[in-house]
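Asks: okay, here's the prediction I keep looking at, along with the sequence it came from:
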Amino acid sequence: MQQIQFFRLACLTITALPVFAQAPAANKTPQRSPFLISRPVPDQASIDRGRAIYVPTCGFCHGSNATGAEGPDLVRSFVALRDEGGDEIGPVIKAGRPGMPAFPQLTNEQIHDIAAFLRNRQQDAIDRNAYQIKNVNTGNITKGKTYFAAQCAACHSAEKDLKGIGGKYEDAVLLGKIVYPTGRGVTPAARRTVTVTANGKVSSGRLEYLDDFEVALKDSTGEYHGFQRGPAVKVEVKDPLSGHEKLMKAFSDTDLHDVLAYLVTLK
Amino acid sequence: MKISRLLSASICLTALAWGQGLDPKKLLQPPTDTWPSYNGDYSGRRYSTLKQINSTNVGNMTLAWNYRMNFGGPAPGGGTMKATPLMVNGVLYFSAPDHAWAVDARTGRQLWHYEWKSKGGIHIGSRGVAIYRDWLYFETPDNYLICLNAKDGTERWHTAIGDVRLEYFSTPAPMVIGNHIIVGTGGDSLDVPGYLEARDPETGKVQWHWNTTPRPGEPGAETWPNKDAMEHGGGMTWLPGTYDPELNLYYLGTGNPNPVWAGQGRKGDNLYTCSIVALNPDTGKMVWYFQASPHDTHDWDAIQTPVLIDGVIDGKPRKLVAQASRNGYYFLLDRTNGKQIVSEPYIKLNWSKGLDKRGQPIPDPEKDPKPEGILSMPSASGGTNWAPPSFSPQSGLFYVSGTENYSLLFLTDTEEKPEGFAGKETNLWSKASVKALDYKTGKVKWMHEFPGLGGGNFGVLSTVGNLMFTGDQYNNFIAFDATAGGILWHSRLGGTVANGPISYELDGKQYVVVGAGDSIYAFALNR
């Protein structure tokens, strides 16, 4: 359970980061996070038609991404947000406003498509799970190598366990693993072990579960041993990741990015 | 002798019949045979004066009943019991997004169930219901205030309090003060402004509306670069506040500014986001503020319960308000005027350069989210979160379920005028604990760190029986010695503690009631 809790956290982290998949093409709608969709998302064909009308017709004043220029930001506009299929923006587009020309030639279908494009742009801002992380590899390779030799080399080696690490993960994922390695790629060597002494008998193996009331392990034969904790039950946990916990509290952001820059070179 | 306006209102109401409903006087008393509002009483202490269950006999406490929320269909938002139930005249009332229930407080048997047909909105949680005489009130993810008949769960009326098309979604339990139903709302996906409203208990009509961010020309507008930034500046009102009837002040913590993780489009302190504010509940006018996180860029709202403490500082009796804030600081203020007395970190943090002359933390711009990522302590989920803390006047300790945690924060929107969350987070490491802070200093008097990793924040209850109840990340519900800190009792539930535990006495029996997973569990002494 201990591990399950831990992996649950790791899995959450992974599901929250679909950005590490290939960046979507500019015109393609990213995979939407259902949790953050509070209204129906328009279909892609309508969004594409809407963009094709919007950019040359409205983009000059409202920005080609609809985030505003001379004219208001239509991602934040309460009129545009309250709109359903063109019912709010349609009359404004057709009749104009003080400071905004009228577009009476646009058909209801075209306005419906413009509304679909705007709704999608709003969802781009709303859907934080689909945001794209920018360049993360900004550190200094030489300084990273020096830091690695001083702080990491006691447990890790560029030639052994970390050989090829530079090609294994997206940079942003690797940055997180330098701080504390969770989720994919955590090796059995990183798992905690435990020795339990109870009724004069000593059992040891891989830690399966630990809370204030219970401890459980699997021994080298795969057999499960569970114990209720109490004053007569001695529990000693060995955590191979304790070095990360110690470093984590001392890392500067510069150290972190320098080490990343170095690890990325380990192909 | 000064009689508060609320007391006089209560005396008038006492002359009326309220049938099965709540005697309004109960709102002003310590909770014993009722738990009539979100925090039990207006102080926000979540402290019970019942002592049938106490540190000498809690070992004999066993399950009296449990109730699994019956949605009559798919459970929205994971179906977790996040509401603090109210208990009035032997009946428990509580909610989940779009749903409300009444169950017998002695047995857990369901009396009625109400379901709202939702128009949408993020279904993350419902913190509970409010009761005014015979009427219950609760808020929905699509931003309706719904008024139900407490006796049978039939709908009396509903009224819109926000617009789901602007990405508002409502989570708070409403709060009843005099003849005001105080409602807040949430919604941080897009950049919309936060507000608090008082609604008429009979009709639902707006009595007053208070914006958490100023409009041009109003005080605080100087802390925003322009009209657009302040009118899209967030500051949600996710939780109910606390109330001092003598001062007639309502204390509320406000949400973080928007865009959430990007500050470049909203340079300045961004008042009154991430603040503890004192409002006149009859007018909605702000009397004072204290900003927990000036110019927040980490999602560290300051909505955590502002707990009212009548304490002694430097030998003098003082009216105080304390908050263990999401940004990792414990604040102690004079609640008559908002003057700071203590600002003390209760977890390890790396974002503050010290305190300004008002005692507010000064953020370090180096720790603003950056495109390449920064290491944030605490993570965006904070040193604590919405789960309610507790204060025991018996021990003088402020209990907070805290998490030490680390994350990477990436700025993804580097535009001059970013939008939405504008960044991403990778959670790396967290460790849950419960801490008992000396209310006068914020220093840790005792703490208990739960074994292993994984975070979580769990609601807390303390009692005059020298007990403090909370949860851990392993589904345990645990009773601690409130003064000394040792574990005295525990029970494993079907999920982690998901709300704030409560206690009440019925027919001479004290119950401790807690929500975990999709269920409510009631414990009592096994005699």
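Replies: Structure received.
Asks: beta-bridge partners for residue B:210, please?
Replies: residue B:196 (DSSP bridges).
Asks: and for it, the neighbour number?
Replies: The burial count assigned to residue B:210 is 22, neighbours taken as other C-beta atoms under 10 Å in any protein chain shown. Where you see a C-beta, it was placed from the backbone N, CA and C, and this is true even at glycine.
Asks: and it, what pLDDT?
Replies: Reading off the confidence values, residue B:210 has pLDDT 98.
Asks: wait, isn't it in contact with residue B:284?
Replies: Yes. Using C-beta atoms under 8 Å, residue B:210 makes contact with residue B:284 at a distance of 4.2 Å.
Asks: what touches both of those two?
Replies: Each of B:196, B:197 lies in contact with both residue B:210 and residue B:284 under the rule C-beta atoms under 8 Å, 6 or more residues apart in numbering or on different chains.
Asks: list the contacts of the residue in the stretch 151-300 of chain B positioned nearest to chain A.
Replies: With C-beta to the nearest C-beta, the shortest gap between the stretch 151-300 of chain B and chain A falls at residue B:189, namely 4.3 Å. The neighbours of residue B:189, taking C-beta under 8 Å, 6+ apart as the test, are A:36, A:38, A:125, A:126, A:127, A:128, B:122, B:167, B:420, B:421.
Asks: report the backbone C-alpha coordinates of stretch A:62-80 in PDB.
Replies: Extracted in PDB, the C-alpha atoms of stretch A:62-80 (Å, rounded to 0.1, in the frame of the first residue of the first chain):
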ATOM      1  CA  HIS A  62      -8.700  41.000 -31.900                       C
ATOM      2  CA  GLY A  63      -5.300  39.200 -32.500                       C
ATOM      3  CA  SER A  64      -4.900  36.100 -34.600                       C
ATOM      4  CA  ASN A  65      -5.100  34.000 -31.400                       C
ATOM      5  CA  ALA A  66      -8.100  36.100 -30.200                       C
ATOM      6  CA  THR A  67      -6.200  37.300 -27.200                       C
ATOM      7  CA  GLY A  68      -6.800  41.000 -28.100                       C
ATOM      8  CA  ALA A  69      -4.900  43.800 -29.900                       C
ATOM      9  CA  GLU A  70      -6.600  47.100 -30.700                       C
ATOM     10  CA  GLY A  71      -9.900  45.200 -30.000                       C
ATOM     11  CA  PRO A  72     -10.800  43.300 -26.900                       C
ATOM     12  CA  ASP A  73      -9.400  39.900 -25.900                       C
ATOM     13  CA  LEU A  74     -12.100  37.400 -27.000                       C
ATOM     14  CA  VAL A  75     -10.700  34.600 -24.800                       C
ATOM     15  CA  ARG A  76     -11.600  36.500 -21.700                       C
ATOM     16  CA  SER A  77     -14.600  38.500 -23.100                       C
ATOM     17  CA  PHE A  78     -17.700  37.700 -21.100                       C
ATOM     18  CA  VAL A  79     -19.800  38.200 -24.300                       C
ATOM     19  CA  ALA A  80     -17.700  35.600 -26.100                       C
END
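Asks: ok, it near chain B or not?
Replies: Yes. Contact of stretch A:62-80 with chain B (C-beta under 8 Å from any C-beta of the partner chain) involves A:67, A:68, A:73, A:75, A:76, A:78.
Asks: now residue A:59: how far from residue A:188?
Replies: The gap separating residue A:59 from residue A:188 is 55 Å, by C-beta to C-beta, to the nearest Å.
Asks: what about those two, which has more around it?
Replies: For the pair residue A:59 and residue A:188, the greater number of neighbours falls to residue A:59 (16 against 7), based on other C-beta under 10 Å.
Asks: quick one: contacts for the more buried one?
Replies: Contacts of residue A:59 (C-beta under 8 Å, 6+ apart): residue A:66.
Asks: now the phi/psi pair for residue B:523, please.
Replies: Dihedral angles of residue B:523 (phi, psi; degrees, to the nearest 10) stand at phi -120, psi 150.
Asks: mind listing what it touches?
Replies: B:61, B:62, B:63, B:64, B:491, B:511, B:512, B:513, B:514.
Asks: tell me which of these is nearest to residue B:333?
Replies: Distance to residue B:333, by C-beta to C-beta, is smallest for residue B:514 among the contacts of residue B:523, at 30.0 Å.
Asks: quick one: the nearest residue to the closest one once chain neighbours are set aside and residue B:510, what's the gap?
Replies: Distances taken as C-beta to C-beta, 6 or more residues apart in numbering or on different chains put residue B:501 closest to residue B:514, at 4.1 Å, once the chain neighbours are dropped. The gap separating residue B:501 from residue B:510 is 13 Å, by C-beta to C-beta.
Asks: which one's more surrounded, those two?
Replies: Using other C-beta under 10 Å as the criterion, residue B:501 and residue B:510 rank with residue B:501 on top: 29 against 21.
Asks: just checking, that one touches residue B:463?
Replies: No. Taking C-beta under 8 Å as the definition, residue B:501 is not a contact partner of residue B:463, at 9.9 Å.
Asks: mutual contacts of those two, please.
Replies: Joint contacts of residue B:501 and residue B:463 (C-beta under 8 Å, 6+ apart) are residue B:469.
Asks: residues contacting residue B:321?
Replies: Taking C-beta under 8 Å, 6+ apart, we find residue B:321 in contact with B:242, B:251, B:276, B:306, B:307, B:308, B:309, B:332, B:333, B:334, B:335.
Asks: one more pass at 7 Å, please.
Replies: By C-beta atoms under 7 Å, 6 or more residues apart in numbering or on different chains, the residues touching residue B:321 are B:251, B:276, B:306, B:307, B:308, B:333, B:335.
Asks: residue A:54 too?
Replies: If you count contacts by C-beta under 7 Å, 6+ apart, then residue A:54 has A:114, A:117 around it.
Asks: tell me the buried residues in the helix or strand harbouring it?
Replies: Here residue A:54, judged by DSSP states H and E, is contained in helix A:44-62. Residues of helix A:44-62 classed as buried by neighbour count (16 or more other C-beta atoms under 10 Å in any protein chain shown): A:46-51, A:53-55, A:57-59, A:62.
Asks: now stretch A:87-99
Replies: The neighbour-count check on stretch A:87-99 (16+ other C-beta under 10 Å) flags A:88, A:89, A:90, A:92, A:93 as buried.
Asks: ok, residue 215 - how many residues close by?
Replies: Answering for chain A, as no chain was given. The burial count for residue A:215: 25, using other C-beta under 10 Å.
Asks: switch to chain B, please.
Replies: Residue B:215 has 13 nearby residues by other C-beta under 10 Å.
Asks: what about the host helix or strand of residue A:176, average pLDDT?
Replies: Assigned by DSSP H and E, residue A:176 belongs to helix A:171-179. Taken as a whole, helix A:171-179 has a mean pLDDT of 95.
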